[in-house]
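Dropping a prediction and its sequence here:
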Number of protein chains: 4
Amino acid sequence: MANTFGKIFRLTTFGESHGKAIGGIIDGCPSGLDLNLSTIQKQLNRRRPGQSMITSQRNETDKLEVLSGIFNKKTTGAPIGFIIRNKNHKSQDYDYLKNTFRPSHADFTYEKKYGLRDYRGGGRSSARETACRIVGGSVAQQILSKFGVSIFAYVSQIGDVKLDKLYSEIDFSQIDSNIVRCPDNKCAKKMITLVNNIKKNQNTIGGEVFVVAKGVQIGLGEPIFNKLQADLAKAMLSINAVHAFKYGFEGVNISSSKGSEVNDIFTNIDGKTFTNFSGGIQGGISNGNDIYCSVAFKPVSTIMKKQESIDKQGRKIEINNIGRHDPCVVPRAVPIVESMMALTLVDHLLIKRTNRL
Amino acid sequence: MANTFGKIFRLTTFGESHGKAIGGIIDGCPSGLDLNLSTIQKQLNRRRPGQSMITSQRNETDKLEVLSGIFNKKTTGAPIGFIIRNKNHKSQDYDYLKNTFRPSHADFTYEKKYGLRDYRGGGRSSARETACRIVGGSVAQQILSKFGVSIFAYVSQIGDVKLDKLYSEIDFSQIDSNIVRCPDNKCAKKMITLVNNIKKNQNTIGGEVFVVAKGVQIGLGEPIFNKLQADLAKAMLSINAVHAFKYGFEGVNISSSKGSEVNDIFTNIDGKTFTNFSGGIQGGISNGNDIYCSVAFKPVSTIMKKQESIDKQGRKIEINNIGRHDPCVVPRAVPIVESMMALTLVDHLLIKRTNRL
Amino acid sequence: MANTFGKIFRLTTFGESHGKAIGGIIDGCPSGLDLNLSTIQKQLNRRRPGQSMITSQRNETDKLEVLSGIFNKKTTGAPIGFIIRNKNHKSQDYDYLKNTFRPSHADFTYEKKYGLRDYRGGGRSSARETACRIVGGSVAQQILSKFGVSIFAYVSQIGDVKLDKLYSEIDFSQIDSNIVRCPDNKCAKKMITLVNNIKKNQNTIGGEVFVVAKGVQIGLGEPIFNKLQADLAKAMLSINAVHAFKYGFEGVNISSSKGSEVNDIFTNIDGKTFTNFSGGIQGGISNGNDIYCSVAFKPVSTIMKKQESIDKQGRKIEINNIGRHDPCVVPRAVPIVESMMALTLVDHLLIKRTNRL
Amino acid sequence: MANTFGKIFRLTTFGESHGKAIGGIIDGCPSGLDLNLSTIQKQLNRRRPGQSMITSQRNETDKLEVLSGIFNKKTTGAPIGFIIRNKNHKSQDYDYLKNTFRPSHADFTYEKKYGLRDYRGGGRSSARETACRIVGGSVAQQILSKFGVSIFAYVSQIGDVKLDKLYSEIDFSQIDSNIVRCPDNKCAKKMITLVNNIKKNQNTIGGEVFVVAKGVQIGLGEPIFNKLQADLAKAMLSINAVHAFKYGFEGVNISSSKGSEVNDIFTNIDGKTFTNFSGGIQGGISNGNDIYCSVAFKPVSTIMKKQESIDKQGRKIEINNIGRHDPCVVPRAVPIVESMMALTLVDHLLIKRTNRL
């Protein structure tokens, strides 16, 4: 397994959905940061299950315990170890999975890859792991904010309900004003209605999260293979249920666009451009304009409806999921997407310091 | 810069568009492979400029010279060093770029990141570098073919002209039957007409490449951060001009789809499923079904039309590109996309051997 | 900081001497291993302080808590997270260090590198961190033993008292028969006398640990830069207080030896040689013979004697160490050296699987 | 194989002793360096065979060709690709090795590891590869010199002839004043006499190289596993024929020394100490004093005397080496040791920039 993200600022995570605890180590965190633990906890709370009617009802407080790397409230440059105890796992709910592979789940592939699996709640493949990314991502965001960077993510689409606004038209302070995290209350209402219907029908639905980083300095991103957009794509596609990524070209039909229509003309020597179709990245390197991308999530495969499947012996069976699940993960994914953006940017921010003599 | 791709099977590349040579090192290539150099050269020829009326007219033969790692026609496990001499570069064509930043190009970001740049033909940021990926990718494909894997890529869209077929309906042997590499002659004709028009108007246009890997064994992909789709996304987004990636869900409107509609039901214990919406990957790990994804390219930013821009002093100038450029890079990108797929898969194929006791 | 060891089998550690806990993550551990936790605890006990009259009297039980990666007593391929709570730290003992740099300690360099430091008990620079290496190393040893590898380390020298035997003359079952871990009771007695004298004089003394791995398969080690001896040297020199490493040439004055005298002649096609001056490694690759090396430790710099030093303002001061320290760390280093040998070998054992087609 | 050294400043090498060329890629070299190619060539000349009566008579000019990464004589931040053509290889001299394993050579281990080998001149295992390290090392030295660092290496021992001076007593300008590179002419004469005798007797002899880096800033080295001494040890042990490494404690019998005798007392707040037994490193981090270590080479295993060995079928044979070899490699190793020191330091110099907020 490869449970580490980043090259200089490195997050390594561990833990299963129904094990004793999940946790991680942040290595390469610069010294001298006044780390605000309650800011991290707030981000964890935005991701935790049980936060609203439309999320899984598993009741985890996701209380963070930091074990090292901080002294007199400052980071010391030593690795930051942390754990989050699992409290509300009902493993017996998953006994039926012992010999069963759920459709479109990781049950089959983990079993075949490793020869055995922890089937309780999906084990390591559970999105519960992403809580640890929130911890790493929030530390990254606190560093970035010292350098003037702020990151905003919001739900831009659920099912066919699409937010019809450019990000420049958005009031980011409204993101958390509703339970779907769509910063437009009209659109949010439609989304909530849709999710409630989906839930009632024991089904699931996908959607999109849009994320923008403002104030990023020029020069982040390492060509050739570690272009900023390449590392962002990897970051986002590593999130459970994400199946597509795109950056740049907001508000334009890129298929039918010609080069002359989507080239960004400079306004001045600081790299500011009249348009920002490039999404803040040119040649794999940030150019000082906003960096933005959208991340698409498929409907999660765990549905409450009955489904046909097979057991370990290859016999046809019928699955009736118990457990507690989300009809739509997109609202809880918002801080996760922010975190992956922050982890990617902070790593490149540090690497950039090595570019010149 | 980070000019290495892969963890075990590692390709490192070097070289500028107008330097003496480009080249690379393939490290971690298993020993005992009968390496067919003419197969590599054929792939290089599919990428090289000057191959048809709709590509750049720079006339490079892209003749591969392998310098090490092969003995008695077999790989020895030692690194494979190779070079390709640049022959037909006309650097004087780029003198006008010395003090100029082209819109949506890497000129500005390289200059700001490194404090100086090789402006001749884009220097290191030129897509000429991708020739080296072809070399690495072709070696990777030759390994994969020993394990039953075959990879097919083709142009599925140029501008608004879209191939209206599922990949299962495609005759892959027709991919190279026309100069746009769209394996449907009717659709290809429309694409060629479009590109010719674009060229005539001194403009550029984007498109999509679809790629599928057949015969991939179960178990490739390393959760959590190195999920197979995450590494594929990074691989594809590292290609010049790529701005979007998506895997799975071919032929379905994923936005409006519900979980129950896109879950893949198993047909048997080998992991084969009736549908393959998952694109051959579940939980970040290959499940034995076809792996497929689509890769979107923006219109290249170098256009022959006059454009407004700025010079190093921030003065407004007008740019009139000379040089030789592609009105649409997608046809030449086909072997590059294949190569990045192959490099990703072969790396995971080797890593997989370390998973079990 | 770089708190990770290994490429495929990777141990990452965290924790300070006087923080809440130390711990780590073992990533890349193959699935299917019946992990014996009490074997790990036994190794921890061999390293823990307070185990005898000649070690630090800090009383830590070093009780291991494993948090993930194990299911039904087997490793699952998921990362193994673990913690060891600090129980017996007396941080107030170290208040006097707040503004003081001890001679030949990490106080000064940490302060200068990071701009601040956790001075309590040496913080991250304390050898307390090596407990986590024992955990990783013991897991590694359990894997290696499935492949027929066994590792033995013992104290071969303390001060000028040197064990005058080749390792082939040693009865390894006697290593733990005395508190200095020298498997020769006569020699051990002299060593104990020496250490007791040193302790009485409030001083410290160095020594050597000899380690041998038996049953290692042919082919471990990756030329050019990751030669087996190079990775072993790095592993050993990363242990606190180690200042020298040498492999091969046991029992011979290598300075005055000629090539013809120390070449190892093959006895048969399996690679067994009449002599083993090469220490089981040729061209950076294991050759099937015993791998052995010796690791030299300097006298630890914390002495109970008064010493002159400086404070943060550069003023001359006199230091009078309190705290609890070892007069000679070599006996406790034995399981640490074993662990670093095991971590190095298991990593190469897994990498080796990727060498051939 | 792992043919890359370094994390940020990375040298990757390729090439066999009797292939077309050897070469490499330097990735992560900061932009803006005025690179002096003739300085690199001078270092190559210090390593090249045929330079004196006591080295191998293979006549290679080792002419460097740089292919990329330089523009207007400055590094651009792009990878520096380079090759050195092999000119004077007489591969037919090695036909007798096709089915033969030489004692204490890499023949056997390469064959077993990879299933086949390029036997001509030792193939990849030949020390010819170290020419590429000189190129990387010389670039590293040119960077370091901009930061006030200078590196000096010299031969301190051959066989039993030992230079009886501390490095502080040495006039470094005398290093190249004789063909053994021992900066004391009396001692050098004895060494030359010894090597000539060894050569006459068709044998080989080992020795030691001492290396010191002056002017290294405080703060290089990343605890825990990447301590500066650990990375130096790995660097040195990766050189062909090196079997031991030690740093610090020059001029003192460390075995019998007590802590109070070898602790370095600070003279001032800049970290300067009265003595420098720590070899410029404390807690794995440079402290601003000179960094020094000694590197021991075994007698090379290729001797001109007849030797007993086995062939591929395990039959006893007698070997009569032809080819051209060094009776003692230590004089030619001097620039290689310098290079490995430089590569290690420059990498840590760049990493250090990421330590603080």
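That came through, no problem. As the structure is a prediction and not an experimental result, all values here were calculated from the model.

A:Leu349 in helix, strand or coil?
Under DSSP: H, G, I helix; E, B strand; the rest coil, the three-state class of A:Leu349 is helix.

which residues sit in contact with it?
Shown in contact with A:Leu349 (CB atoms under 8 Å, 6 or more residues apart in numbering or on different chains): A:Ile143, A:Leu144, A:Phe147, A:Gln217, A:Leu220. In this view, the C-beta of every residue, glycine as well, is placed from N, C-alpha and C.

And the buried ones among these, selectable in ChimeraX?
Command for ChimeraX, covering only those of the contacts of A:Leu349 found buried under the criterion 16 or more other CB atoms under 10 Å in any protein chain shown:
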select /A:143,144,220
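
Out of the contacts of A:Leu349, which sit inside helices?
Among the contacts of A:Leu349, the members falling in helices are A:Ile143, A:Leu144 (criterion: DSSP state H).

can you put the contacts of A:Leu349 in JSON lines and add distance to chain C and pLDDT?
Compiled in JSON lines, the contacts of A:Leu349 are given as follows (distance: CB to the nearest CB, whole Å; pLDDT from 0 to 100):
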{"residue": "A:Ile143", "distance to chain C": "15", "pLDDT": "98"}
{"residue": "A:Leu144", "distance to chain C": "20", "pLDDT": "98"}
{"residue": "A:Phe147", "distance to chain C": "17", "pLDDT": "98"}
{"residue": "A:Gln217", "distance to chain C": "22", "pLDDT": "97"}
{"residue": "A:Leu220", "distance to chain C": "22", "pLDDT": "98"}
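
which of the residues in stretch A:71-85 are buried?
Neighbour-count burial for stretch A:71-85, counted by 16+ other CB under 10 Å, picks out A:71, A:74-85.

next one: stretch A:185-201
So for stretch A:185-201, counting by 16+ other CB under 10 Å, buried means A:Cys187, A:Ala188, A:Lys190, A:Met191, A:Ile192, A:Leu194, A:Val195, A:Ile198, A:Lys199.

Ok, stretch A:92-112 next?
For stretch A:92-112, the neighbour count (16+ other CB under 10 Å) marks A:93-94, A:97, A:100-112 as buried.

swap in stretch A:155-172?
A:Val155, A:Ser156, A:Gln157, A:Ile158, A:Gly159, A:Val161, A:Lys162, A:Leu163, A:Lys165, A:Tyr167, A:Ile170.

All the helices of chain A, in order from the start?
A:37-47, A:107-114, A:130-146, A:185-200, A:228-237, A:259-262, A:330-352.

Which positions in the stretch 1-150 of chain A make contact with chain B?
Within the stretch 1-150 of chain A, the residues that sit near chain B (CB under 8 Å from any CB of the partner chain) are A:1-5, A:13, A:101, A:103-106, A:108-110, A:112-115, A:124-125, A:129.

Now do the residue in the stretch 1-150 of chain A positioned nearest to chain B against C:Thr273, distance only.
Chain B sits closest to A:Ala106 of the stretch 1-150 of chain A, with a gap of 2.4 Å, by CB to the nearest CB. To C:Thr273, A:Ala106 is 49 Å away according to CB to CB, to the nearest Å.

thinking again about what came up before, the residue of the stretch 1-150 of chain A closest to chain B reaches B:Ile285, doesn't it?
Yes: counting by CB atoms under 8 Å, B:Ile285 is a contact partner of A:Ala106 at 6.9 Å.

who's sitting farthest from the centroid in chain A?
Relative to the centre of chain A, the most outlying C-alpha is that of A:Arg315, 36.1 Å out, by CA atoms, centre = their mean.

State the distance from that one to chain B.
To chain B, A:Arg315 is 9 Å away according to CB to the nearest CB, to the nearest Å.

could you list every residue that touches that residue?
Taking CB under 8 Å, 6+ apart as the definition, A:Arg315 has no contacts.

Which ones among the buried residues of stretch A:155-172 also lie next to chain B?
Answer for the buried residues of stretch A:155-172 near chain B (CB under 8 Å from any CB): A:Gln157, A:Gly159, A:Lys162.

For A:Glu208, see how far away the first one is.
The one in question is A:Gln157. In terms of CB to CB, A:Gln157 sits 4 Å off from A:Glu208.

So what pairs up with whatever residue of the stretch 51-200 of chain A ends up closest to chain C in the strands?
Residue of the stretch 51-200 of chain A nearest chain C, by CB to the nearest CB: A:Gly81 (3.4 Å). With DSSP bridges as the criterion, A:Gly81 is bridged to A:Ile25.

show me what contacts A:Val329?
Shown in contact with A:Val329 (CB under 8 Å, 6+ apart): A:Ala127, A:Asn240, A:Ala241, A:Phe297, A:Val300.

next one: phi and psi at A:Pro30?
phi -60, psi 150 (degrees, to the nearest 10).

nearest residue to it other than its sequence neighbours?
In this structure, A:Pro30 finds its nearest non-sequential neighbour in D:Leu357, 4.5 Å apart by CB to CB, 6 or more residues apart in numbering or on different chains.

so what pLDDT did that neighbour get?
You'll see D:Leu357 listed with a pLDDT of 96.

hang on, isn't it packed against A:Leu144?
No: contact between D:Leu357 and A:Leu144 fails when scored by CB under 8 Å: they sit 11.1 Å apart.

Name the nearest of the contacts of A:Leu349 relative to A:Ile25.
A:Ile25 has its nearest neighbour among the contacts of A:Leu349 in A:Ile143, at 16.4 Å by CB to CB.

Let me see the contact set for the residue nearest to A:Pro30.
Shown in contact with D:Leu357 (CB under 8 Å, 6+ apart): A:Pro30, A:Ser31, A:Gly32, A:Leu33, A:Thr75, A:Ile143, A:Lys146.
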